[in-house]
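Asker: Give me the fold of what follows.
(one chain, ligands or ions: 1)
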Amino acid sequence: MTILDGKKVSNDIKDEIAEEVKQMKARGEKVPHLAAVIVGNDGASLTYVNSKVKACERVGFESTLVKMSSTASETELLKKIKELNEDPDIDGFIVQLPLPTQIDTQKVLLTVNPDKDVDGFHPMNFGKMALDMSSFIPATPYGILELLERYNVETKGKHTVVIGRSHIVGRPMSILMGRKGFPGNSTVTLTHSYTKNITQITSQADIIITALGNPEFLKAEMVKDGAVVIDVGITRVPDETRERGYRITGDVDYKNVSKKTSFITPVPGGVGPMTIAMLLKNTLLARENHRL
Ligand code: GUN
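Answerer: The predicted structure is shown next:
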């Protein structure tokens, strides 16, 4: 069994990006600038956004954090997005999800300039992705592809089962694994809360990608010998033995499932760090596109 070490690979990618930035600086060019907008005070969201800002510092990007109150109106947020769209100094930006209920998320995502949409959530980018056109690919699915590629995990002709159809992970993942090329060329089954007899489906899978947020959902009896298991779950489970009062748990019963797998991602240290590295990669791409 090989552990797909997202922490190590993401550090390699950050080193590669930092090197690119160094060369940009040496040529006297402007370095990439990422902005992140967060609305409200959700603990997990704040942690993610702070990690994104820290990662920018690590590779030499500029970053701007825009914090808005949990009571901010949709109009106020849309105004901020339009400012970022028009600001020539900002190469790419993200609006951290989920948003408070008074704000229409679809409207927000439609307002982001697709050329600055480094999350790849705008329908223009999502559509291009589905049509094999060059676009921003959402960071978590992109990170999974990169992990599979760097560990040379065979995907061609394999049966990939994706669990969860979220717009951020499951749905794009199901499209990407079926695209032409590597990693891709897979036969994909997308499962969700209405799927009947999921064990029958997962136990036929060569590759399982779980993006549910349901701690230890995937049990050993649901996985065939030699399968590849990618765990996108990151749920905070209360744990009084930890200083911060919780531990991070994936969708996979790792202790028992890992014994059967050929490759598996740990939680933490698997897909999570890859997401941030790929956001940086998209921001670098946005800068390069703007330079043309
Ligand atoms: N919330 C959970 N994952 C993500 C992500 O990749 N981007 C944004 N903007 N919000 C998220």
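
Asker: Report how many residues lie close to the closest residue to residue 114 other than its chain neighbours.
Answerer: Spatial nearest neighbour of residue 114, excluding adjacent residues (Cβ to Cβ, 6 or more residues apart in numbering): residue 124 at 4.1 Å. (Each C-beta comes from the backbone N, C-alpha and C, glycine too.) Neighbours of residue 124 under the rule other Cβ atoms under 10 Å: 17.

Asker: who are the neighbours in contact with the residue of the chain found nearest the ligand?
Answerer: Closest residue of the chain to the ligand, Cβ to the nearest ligand atom: residue 97 (3.8 Å). Contacts here follow Cβ atoms under 8 Å, 6 or more residues apart in numbering; on that basis residue 97 touches 45, 105, 168.

Asker: got it, and residue 270?
Answerer: 4-7, 147, 230-231, 250.

Asker: where do the strands sit along the stretch 1-150 of the chain?
Answerer: 2-3, 33-39, 62-68, 92-95 (DSSP state E, counting those that start in this stretch).

Asker: tell me the mean pLDDT for the second one?
Answerer: Read that as strand 33-39. Strand 33-39 carries an average pLDDT of 98.

Asker: what do you get for the first one?
Answerer: The predicted model assigns strand 2-3 a mean pLDDT of 98.

Asker: Which elements pack onto that strand?
Answerer: strand 263-264 (3 or more Cβ pairs under 8 Å, 6 or more residues apart in numbering; DSSP states H and E).

Asker: can you list contacts of the strand it packs on?
Answerer: Against strand 263-264 from outside (Cβ under 8 Å, 6+ apart): 1-4, 151, 153, 228-231, 252, 254, 257-258.

Asker: And for stretch 168-181?
Answerer: 97, 120-121, 126, 129-130, 132, 137-138, 140-141, 144-145, 155, 160, 162-165, 183-188, 190, 192, 207, 209, 211, 232.

Asker: interface residues of the protein facing the ligand?
Answerer: Contact residues, the chain versus the ligand (Cβ under 6 Å from any ligand atom): 94-97, 119, 139-140, 168, 275.
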